[in-house]
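Trainee: the sequence isn't on hand, but the structure is:
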């Protein structure tokens, strides 16, 4: 009888103990890279919002932009954010990545990229780009493709010379006249424009009102399988920090500058998709269509709905 | 016969491991492509002319960079090896310069040489000149003093001493330095083609990573290594030709 009672007690207590340990014990460590561009994860980390959900960001250090997608695909880090075409090509190459939050968006005031020239340059509009040298941070990503599409629509894509110049060296290349146009991302364009070293001729909003400018957060399918609850919590905190950023741009920029050791007078941030929701297939489909058009993706190989999901977002309205 | 068999066995074992590990899932096959896939990709890239196009540009850059290294490094090394005063004068800056990696100097190179071919050649020169310089110096310093005394006692001086004794005696060391320099040149090619490039084998390695075409990346790496080996072999042949006197002497 005693043994039966003990066993019954154990049967009740043990599940309680193990069920409660997920949030009561160690916070779940999320491996994250020190992203060199504005990221609300810095804001949430600074404000302790991850700890509230039982999460902890484990900062693994600098990972160069080009290695972010491979790092997630090889499970070395758990989440990252990069432009959609890189995720599409990675999946085409066998990676199993999935977009779980929309991330930053291109708006007229806060675009993803600015196309800059020297203040005294004669270049004022896209037609002046004919025969000019354009510095991009890499081929195969937003820097090349969005501008190329804009040029193509203006009948100019064959007359431009693209040259790779890392983000950190673009300002110098522009100042020395080694390139005629620099394609800069935040936080680089804030400094160049703010210090008067460069003048904006246009930004990526001109292409389909910035439809291509989504900078989504993604993770590995296996991570989703293993820790769906962690993904939900991460997205929840991320969305909280993104929404806060939208209302507090200046302060968000300062937090980012502090974390990265940047001069605060040039600190900037982006605008984020409301509630982190991918609004529709549009931002992803734009890239699928573009890559198919460029012959980088076979037609019909990837469908937008296979690449992104809002199911981990607390704001998703449960339909059907 | 036996050594050849052993070499083949070692190579076969490495290839087998490279094929099996990704296929068996011991390593992620999306990041380490099986060697058969790499070979197939390399074949396709060669057939399409892509390898030839990129290799030509890279080999030109290496030839120019290494060429400048030899043109500057050998005379400087000879002077440093021969004249103690000169060596003491330049030793400080030389030892300092050789510690600085070319990649760390990117902003300086861009400032002085731009982002075109010149800066790439300069980066390759910077990486490859040090072994050429140092090995030339060692080669001169290491000349058997008996040789010099004998030659002098037979009346050899100046240019004759230089052409008939110093240069041939230092030649093996100089060639070693050039071969090391060539290896460094290939190693730094990826870094040199990081800025302002839209072609080249190093650029291809980086670009393949960016667009997640990993088999292409390995194919480019193999091509780079193959060309490096070929250059090394060529330099060995040249060295053997230039130091024929060694064989003749019965060494």
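Mentor: Everything's here; your move. On a predicted model such as this, the values are computed, not experimentally measured, just so you know. Residues are numbered from 1 along each chain as shown, chains lettered A, B, ... in the order given.

Trainee: rest of the way, CA atoms for contacts and neighbours
Mentor: Fine.

Trainee: do you know how far the spatially most central residue of chain B is from residue B:68?
Mentor: The centre of chain B sits closest to residue B:182, judged by C-alpha atoms, centre = their mean, with a distance of 1.4 Å. In this view, residue B:182 and residue B:68 are 12 Å apart by C-alpha to C-alpha, to the nearest Å.

Trainee: does the residue nearest to the centre of chain B count as helix, strand or coil?
Mentor: Under the three-state scheme (DSSP: H, G, I helix; E, B strand; the rest coil), residue B:182 adopts helix.

Trainee: sketch out the low-pLDDT regions of the chain for me.
Mentor: In the absence of a named chain, chain A is used. A:1, A:4, A:6-24, A:317-320 (pLDDT under 70).

Trainee: sorry, should have said chain B
Mentor: B:1, B:246-251.

Trainee: which non-adjacent residue is nearest residue B:198?
Mentor: residue A:163 (6.2 Å; C-alpha to C-alpha, 6 or more residues apart in numbering or on different chains).

Trainee: so who does the one you found touch?
Mentor: A:133-136, B:195-198 (C-alpha atoms under 8 Å, 6 or more residues apart in numbering or on different chains).

Trainee: what of residue B:18?
Mentor: Contacts for residue B:18 (C-alpha under 8 Å, 6+ apart) come out as B:34-35.

Trainee: returning to that earlier point: correct me, but the residue nearest to the centre of chain B touches residue B:127?
Mentor: No: Residue B:182 is not in contact with residue B:127 according to C-alpha atoms under 8 Å; the separation is 9.3 Å.

Trainee: give me the contacts around the lengthiest strand in chain A.
Mentor: Secondary structure of chain A per DSSP state E: the longest strand is strand A:97-105. Here strand A:97-105 makes contact (C-alpha under 8 Å, 6+ apart) with A:72-73, A:81, A:87, A:90-91, A:111-112, A:210, A:213-221, A:235, A:242, A:270-273, A:276-278, A:306-313.

Trainee: do that again at 7 Å, thanks
Mentor: Strand A:97-105 has contacts (C-alpha atoms under 7 Å, 6 or more residues apart in numbering or on different chains) with A:73, A:87, A:91, A:213-221, A:235, A:270-273, A:276-278, A:307-310, A:312.

Trainee: contact residues of the stretch 151-251 of chain B facing chain A?
Mentor: B:195-198, B:207, B:210-213 (C-alpha under 7 Å from any C-alpha of the partner chain).

Trainee: mind running it again at 10 Å?
Mentor: Contacts of the stretch 151-251 of chain B with chain A, taken as C-alpha under 10 Å from any C-alpha of the partner chain, map to B:193-199, B:203, B:206-215.

Trainee: please apply the same query to the stretch 1-150 of chain B.
Mentor: Near chain A, when you scan the stretch 1-150 of chain B using C-alpha under 10 Å from any C-alpha, you find B:28-31, B:106-107, B:110-116.

Trainee: ok, and the most crowded of these?
Mentor: residue B:115 (24 neighbours; other C-alpha atoms under 10 Å in any protein chain shown).

Trainee: so it lies in a strand, does it not?
Mentor: No: counting by three-state DSSP, residue B:115 falls outside a strand, being coil.

Trainee: ok, residues contacting the helix or strand harbouring residue B:42?
Mentor: For residue B:42, the host element (DSSP states H and E) is helix B:35-47. Under the criterion C-alpha atoms under 10 Å, 6 or more residues apart in numbering or on different chains, residues B:15-23, B:32-33, B:48-53, B:214-223 lie in contact with helix B:35-47.

Trainee: narrow the residues you listed to those that are buried.
Mentor: Among these, those classed as buried by 16 or more other C-alpha atoms under 10 Å in any protein chain shown are B:18-19, B:21-23, B:32-33, B:50-52, B:214-223.

Trainee: among those residues, which are in strands?
Mentor: Per DSSP E, these never map to strands.

Trainee: got the buried residues for stretch B:228-248?
Mentor: Across stretch B:228-248, burial judged by 16+ other C-alpha under 10 Å covers B:228, B:231-232, B:235, B:239, B:243.

Trainee: name the element the residue nearest to residue B:198 belongs to?
Mentor: Using DSSP H and E, residue A:163 maps to strand A:161-164.

Trainee: and the helix or strand following that strand, what other elements does it pack with?
Mentor: The helix or strand immediately downstream of strand A:161-164 is helix A:167-175, counting by DSSP H and E. With contacts taken as 3 or more C-alpha pairs under 10 Å, 6 or more residues apart in numbering or on different chains; DSSP states H and E, helix A:167-175 sits against strand A:113-117, strand A:133-136, strand A:181-185, helix A:188-194, helix B:106-113.

Trainee: near chain B, which of the contacts of strand A:97-105 show up?
Mentor: The overlap between the contacts of strand A:97-105 and the neighbours of chain B (C-alpha under 10 Å from any C-alpha) comes to A:73, A:87, A:91.

Trainee: what about the second one, how many residues nearby?
Mentor: So the one you mean is residue A:87. Neighbour tally, residue A:87, other C-alpha under 10 Å: 25.

Trainee: equivalent analysis for residue B:14, please.
Mentor: 12.

Trainee: for it, what are phi and psi?
Mentor: The phi/psi pair for residue B:14 (degrees, to the nearest 10) reads phi -60, psi -50.

Trainee: so how far is chain A from it?
Mentor: The spacing between residue B:14 and chain A, counted by C-alpha to the nearest C-alpha, to the nearest Å, is 23 Å.

Trainee: ok, now which ones touch that residue?
Mentor: By C-alpha under 10 Å, 6+ apart, residue B:14 lies in contact with B:8, B:20.

Trainee: now the helices: where do they sit in the chain?
Mentor: Chain wasn't specified; assuming chain A. Remark: helices assigned in chain A by DSSP state H are A:2-24, A:40-47, A:49-52, A:65-73, A:84-92, A:142-153, A:167-175, A:188-194, A:221-226, A:228-247, A:249-260, A:282-293, A:304-307.

Trainee: wait, chain B was what I had in mind.
Mentor: Under DSSP H, chain B gives helices at B:2-23, B:35-47, B:50-82, B:84-99, B:106-113, B:117-141, B:145-153, B:158-161, B:167-192, B:201-210, B:214-242, B:244-248.

Trainee: relative to residue A:250, which of these is closest?
Mentor: In terms of C-alpha to C-alpha, the element of the helices of chain B nearest to residue A:250 is helix B:106-113, at 30.8 Å.

Trainee: which helices and strands sit right next to the closest one?
Mentor: Helix B:106-113 packs on helix A:167-175, helix B:117-141, going by 3+ C-alpha pairs under 10 Å, 6+ apart.

Trainee: I'd like these as a markdown table, with distance to residue B:86 and mean neighbour count appended.
Mentor: What follows is the helices and strands packed on helix B:106-113, written out as a markdown table (distance: least, C-alpha to C-alpha, whole Å; neighbours: other C-alpha atoms under 10 Å in any protein chain shown):
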| stretch | distance to residue B:86 | mean neighbour count |
| --- | --- | --- |
| helix A:167-175 | 37 | 20 |
| helix B:117-141 | 12 | 25 |
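
Trainee: dump these to JSON lines, plus distance to residue B:63.
Mentor: Shown next, in JSON lines, are the helices and strands packed on helix B:106-113 (distance: least, C-alpha to C-alpha, whole Å):
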{"stretch": "helix A:167-175", "distance to residue B:63": "26"}
{"stretch": "helix B:117-141", "distance to residue B:63": "9"}
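
Trainee: closest one to residue A:67 among those?
Mentor: helix A:167-175 (14.8 Å).

Trainee: quick one, that closest one and strand A:181-185 angle?
Mentor: On the basis of axes from the mean of the first three to the mean of the last three C-alpha atoms, to 10 degrees, helix A:167-175 is oriented at 150 degrees to strand A:181-185.
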